[in-house]
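**Q** missing the sequence, but the structure's below:
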């Protein structure tokens, strides 16, 4: 889900930067308002590293392959730190691996950051759930839903910025095929988020409740 | 009566000339062509990807559009009268890259690939970079852990 340089028109690229800047400002304000803003930094650093490396892990889905994205896990684990962490991770991915681009950094941050923040919003209520099964289902839905939302945002932005000289039908078919290839990834990331949140509920429940 | 129909018909056939004939000619000549090989960074070929070729004097409108074949290949002959940097964009489902061909005045084409491409990185390089960044993050984590008790004391 990395849109490279030169694919989107200038308006969408600038719009992506504007939205990403606004979201980052909100997140940084919320972090600064916490009693100890530095408390979340070690976890944010670790998750940024995991997020950065995740794009290198390809899961073969015939006829192509998809890579891990982790928006749900980032949101569930990091809360308001998720968006700055994703922004930093995406910068490194673009500079070091050529995944995505610097002009499209804003757009890519929105594509992954919005689902992460929504995942954070959903998992905030997990602490109030008494039943383990219900919490597991909600955790799974959070992880899988975040991937599906990211794919939907990716496809919508691409189709909105499709140049007139391209064969729209062929590109739409290719985007649909790519989106369908992400269904197994959504299931996998849903299970990962459910497992991680289930583990935290047992061992460290204050991490889920106190945010 | 009959001549009223036949005469215009003969006249029409005579006037139509070459268009009515089925003769065809094929001429073959040498031109300088550019071959584009499109791949994802996983090594997989970009088959059926859309190609847009932009001439140096008009970077806004594509000079030629086409589709890569099953091997991710697309071949075209640039207009030898248009010297300068030709841009070739290959894209498929939002993924893609730009390639550049410089056509000099002596009609010899030199090909340079966009520096943003990560195709030149070996796995060892990637592993080293990943290890460096992960270590940087662990270092940050250790640093943050170290200052917390000091602050509490």
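**A** Nice, I can see it. Treat the numbers as computed from the prediction; the structure is a model and nothing was measured.

**Q** show me where chain A has helices.
**A** A:10-32, A:41-54, A:71-78, A:82-92, A:105-123, A:132-160, A:168-181, A:183-203, A:206-209 (DSSP state H).

**Q** which of the ones you listed sits most buried?
**A** helix A:71-78 (a mean of 30; mean count of other CB atoms under 10 Å in any protein chain shown). Where you see a C-beta, it was placed from the backbone N, CA and C, and this is true even at glycine.

**Q** between it and helix A:41-54, how many degrees?
**A** 170 degrees (axes from the mean of the first three to the mean of the last three CA atoms, to 10 degrees).

**Q** who touches helix A:71-78?
**A** For helix A:71-78, contacts defined as CB atoms under 8 Å, 6 or more residues apart in numbering or on different chains pick out A:40, A:43-44, A:47, A:51, A:82, A:85-86, A:112-113, A:115-121, A:123, A:139, A:142-147, A:149-150, A:189-190, A:192-193, A:196-197.

**Q** give the contact list for the residue lying closest to residue A:100 once chain neighbours are set aside.
**A** Spatial nearest neighbour of residue A:100, chain neighbours left out: residue A:2 (3.4 Å); criterion: CB to CB, 6 or more residues apart in numbering or on different chains. By CB under 8 Å, 6+ apart, the contact set of residue A:2 is A:55, A:90, A:93-94, A:99-101, A:104, A:108, B:95.

**Q** Up against chain B, what does chain A have?
**A** A:2-7, A:38-39, A:41-43, A:45-46, A:48-49, A:52-53, A:56, A:58, A:64-65, A:92, A:96-99, A:101, A:154-155, A:158, A:163, A:165-167, A:170-171, A:174-175, A:177-178 (CB under 8 Å from any CB of the partner chain).

**Q** who does the longest helix along chain B touch, helix- and strand-wise?
**A** If you go by DSSP H, chain B has its longest helix at helix B:123-152. Packed against helix B:123-152 by the contact rule (3 or more CB pairs under 8 Å, 6 or more residues apart in numbering or on different chains; DSSP states H and E) you find helix A:41-54.

**Q** what's the angle between the helix it packs on and helix A:105-123?
**A** Going by the same axes, to 10 degrees, helix A:41-54 makes 120 degrees with helix A:105-123.

**Q** How about residues contacting helix A:41-54?
**A** By CB under 8 Å, 6+ apart, helix A:41-54 touches A:67-70, A:73-74, A:77-78, A:81-82, A:84-86, A:88-89, A:92-93, B:130, B:133-134, B:136-138, B:140-142, B:144-145.

**Q** I figured residue A:122 hits residue A:143, correct?
**A** No - if you go by CB atoms under 8 Å, residue A:122 and residue A:143 don't touch, sitting 10.0 Å apart.

**Q** Need the pLDDT of the residue nearest to residue A:168 when sequence neighbours are not counted.
**A** Nearest residue to residue A:168, sequence neighbours excluded (CB to CB, 6+ apart): residue A:162, at 5.7 Å. On the pLDDT scale, residue A:162 is placed at 87.

**Q** Could you do residue B:124 as well?
**A** 78.

**Q** same thing with residue A:206?
**A** 73.

**Q** From residue A:47, how far off is it?
**A** Remark: distance between residue A:206 and residue A:47 (CB to CB, to the nearest Å) = 18 Å.

**Q** go on, residue A:27?
**A** 14 Å.

**Q** And residue B:86, by the same measure?
**A** Going from residue B:86 to residue A:47 by CB to CB gives 43 Å.

**Q** Can you tell me the SS state at residue B:65?
**A** strand (DSSP: H, G, I helix; E, B strand; the rest coil).

**Q** Which pair of the contacts of residue A:2 spans the longest distance?
**A** The distance between the two most remote of the contacts of residue A:2 (CB to CB) is 15.4 Å, for A:90 and B:95.

**Q** ok, how many other residues are close to the residue nearest to residue A:168?
**A** 19 (other CB atoms under 10 Å in any protein chain shown).

**Q** wouldn't residue B:67 be in contact with residue B:46 here?
**A** No - between residue B:67 and residue B:46 there is no contact under CB under 8 Å: 10.2 Å.
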